[in-house]
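Engineer: this one's structure only:
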């Protein structure tokens, strides 16, 4: 526990922008590019321009970084 060696994202879903079946709910954790993120709200459609590491302005608050995996 507390390690940042890569095990922290094991089993977490990967960000999948544009996939209407990928709908993170508030509090869900996801991974993207080696970083774990927590959803700050229910996301009904993961717009491609809203990837957690470089989101468009309108979706900049969707995720909070929890640090490297």
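Structural biologist: Noted; the coordinates are in hand. What you see is a predicted model; the values in this text were computed from it and never measured. Numbers count the residues shown, from 1 in each chain.

Engineer: Now for residue 62: which residues touch it?
Structural biologist: By C-beta atoms under 8 Å, 6 or more residues apart in numbering, residue 62 lies in contact with 39, 40, 41, 43, 50, 52, 55. Yep, even glycine has a C-beta here, placed from its N, CA and C like the rest.

Engineer: Just give me the closest of these to residue 31.
Structural biologist: Within the contacts of residue 62, proximity to residue 31 (C-beta to C-beta) peaks at residue 52, which comes in at 9.0 Å.

Engineer: Can you verify my assumption that the closest one contacts residue 61?
Structural biologist: No - under the criterion of C-beta atoms under 8 Å, residue 52 makes no contact with residue 61, lying 11.0 Å away.

Engineer: So which of those two has more stuff around it?
Structural biologist: Between residue 52 and residue 61, counted using other C-beta atoms under 10 Å, the more crowded position is residue 52 (24 against 10).

Engineer: Please, which helix or strand holds the more buried one?
Structural biologist: Residue 52 belongs to no helix or strand when assigned by DSSP states H and E.

Engineer: Please tell me how far it sits from residue 12.
Structural biologist: Using C-beta to C-beta, to the nearest Å, we find residue 52 at a distance of 12 Å from residue 12.

Engineer: next one: residue 19
Structural biologist: 16 Å.

Engineer: So for these two, which sits in the more crowded spot?
Structural biologist: When residue 19 and residue 12 are compared for neighbours, residue 12 comes out ahead with 15 against 11, by other C-beta under 10 Å.

Engineer: Quick check, that one in contact with residue 35.
Structural biologist: No - checked against C-beta under 8 Å, the pair residue 12 and residue 35 is beyond contact range at 10.6 Å.

Engineer: on that earlier part again, in strands only, show me the contacts of residue 62.
Structural biologist: If you go by DSSP state E, those have residue 39 in strands.

Engineer: In PyMOL, how would I select the buried members of the contacts of residue 62?
Structural biologist: Selecting the buried subset of the contacts of residue 62 in PyMOL, with 16 or more other C-beta atoms under 10 Å as the burial test, is done by:
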select buried, resi 39+43+50+52+55
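
Engineer: want to try a markdown table for the contacts of residue 62, with distance to residue 65 as columns?
Structural biologist: Putting the contacts of residue 62 into a markdown table (distance: C-beta to C-beta, whole Å) gives the following:
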| residue | distance to residue 65 |
| --- | --- |
| 39 | 12 |
| 40 | 11 |
| 41 | 15 |
| 43 | 16 |
| 50 | 14 |
| 52 | 7 |
| 55 | 11 |
